[in-house]
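Asker: Sequence unavailable; structure follows:
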DNA sequence: ACGAGAACCTGTTTGC
DNA sequence: TGCAAACAGGTTCTCG
């Protein structure tokens, strides 16, 4: 989501919603009342992110909250910000869409048109995504945000914090990392990668991690996320960046989706295993992760 | 109160 | 080849 935010920010900041086309009444939840009317004519002041939520602050003192769920995409089209000309055919080739088809593909649920001709299409075939409109001053108390843990890249997230947060947890550390109340914004891929990077078994109970392991884990979480953001994210299959190109971090996975392949830790000759924890796939090396 | 599993929904891949 | 089962990036609800 951070790479999505970074891609959208220069194109949307300061732009006004000229037209909003909401094609269905709900995603994971119903759209808020008067969704189109409350957006149309408003200007986007800032684009922020909290956990996996994108936050567009509007000049109406409301915030448009967007979550992409498992399969959501934000597809960007419109004037080229560098050349100030219309997008080239090459751009649309990359996006995999014919010019006239942008906003007309299956599962294009919302089309946002801005005053400068920029178009953003929200596409989500599984509809686990969501959108909401929330007053600026109600964000912190909103149902979606109460109880969220610290941002993993912020100063509040440290081994000191982890020591405290994990001490009473009976669940495996893998499940604890996915618990958004412990730390916000870690998904299945990055939980697996951070545990491998810190050489901690995903099966280890969270309460046994405080100490030397938490001191490795907190920096590992940060570095995995930093590396992934620098590489443009981890798009798999149809989950692509806003310009239609793929993120590159998936080429750097040490464990995720590498079942049966050799562990890449220097000096380790283990093979990557796949197990299921809390209904989610976990990939890890049973030899170097303890 | 906590943690595991099911549910939400559609599309793709895998296995018989 | 065809069909059914398994599986997929996330979150929330229910049940024990």
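Answerer: Cool, got the structure. What you see is a predicted model, and the numbers here were worked out from it, not measured in a lab. Numbers count the residues shown, from 1 in each chain, chains lettered A, B, ... in the order given.
Asker: Helices of chain A, start to end?
Answerer: A:2-12, A:35-39, A:89-95, A:159-166, A:173-178, A:188-197, A:212-230 (DSSP state H).
Asker: Could I get the contacting residues of the closest residue to DNA strand C within the stretch 1-150 of chain A?
Answerer: The nearest approach of the stretch 1-150 of chain A to DNA strand C comes at residue A:52, 3.8 Å away (CB to the nearest atom of the strand). C-betas here are computed from N, CA, C, even on glycine. Residues near residue A:52 by CB atoms under 8 Å, 6 or more residues apart in numbering: A:1, A:67, A:68, A:185, A:187.
Asker: wait, doesn't residue A:42 sit right on residue A:57?
Answerer: No: contact between residue A:42 and residue A:57 fails when scored by CB atoms under 8 Å: they sit 10.0 Å apart.
Asker: What about DNA strand C: which of the contacts of residue A:52 touch it?
Answerer: Among those, the residues within reach of DNA strand C (CB under 7 Å from any atom of the strand) are A:67, A:187.
Asker: Select from the contacts of residue A:52 every entry located in strands.
Answerer: residue A:67 (DSSP state E).
Asker: Return the members of the contacts of residue A:52 classed as buried.
Answerer: A:1, A:67, A:68, A:185 (16 or more other CB atoms under 10 Å).
Asker: so how far is residue A:1 from the closest residue to DNA strand C within chain A?
Answerer: Per CB to the nearest atom of the strand, residue A:187 is where chain A lies closest to DNA strand C, at 2.1 Å. Distance of residue A:187 to residue A:1, computed by CB to CB, to the nearest Å: 9 Å.
Asker: tell me, how many neighbours does the nearest residue to residue A:12 once chain neighbours are set aside end up with?
Answerer: Nearest non-adjacent residue to residue A:12, counting by CB to CB, 6 or more residues apart in numbering: residue A:44, 4.9 Å away. Residue A:44: 22 surrounding residues under other CB atoms under 10 Å.
Asker: Show me which helix or strand of chain A is least confident by mean pLDDT.
Answerer: When each helix and strand of chain A is scored by mean pLDDT, DSSP states H and E, helix A:89-95 comes last, with a mean of 36.
Asker: I'd say residue A:7 and residue A:75 touch.
Answerer: No: using CB under 8 Å, residue A:7 is not in contact with residue A:75, being 10.6 Å away.
Asker: and chain A, which of its residues are near DNA strand B?
Answerer: A:28, A:71, A:106-107, A:125-128, A:168-172, A:175, A:237-238, A:278-279.
Asker: In ChimeraX, how would I select just the buried ones from these?
Answerer: For anyone working in ChimeraX, the buried entries among those, judged by 16+ other CB under 10 Å, can be selected with:
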select /A:71,107,125,127,169,171,172,175
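Asker: ok, how many other residues are close to residue A:215?
Answerer: 17.
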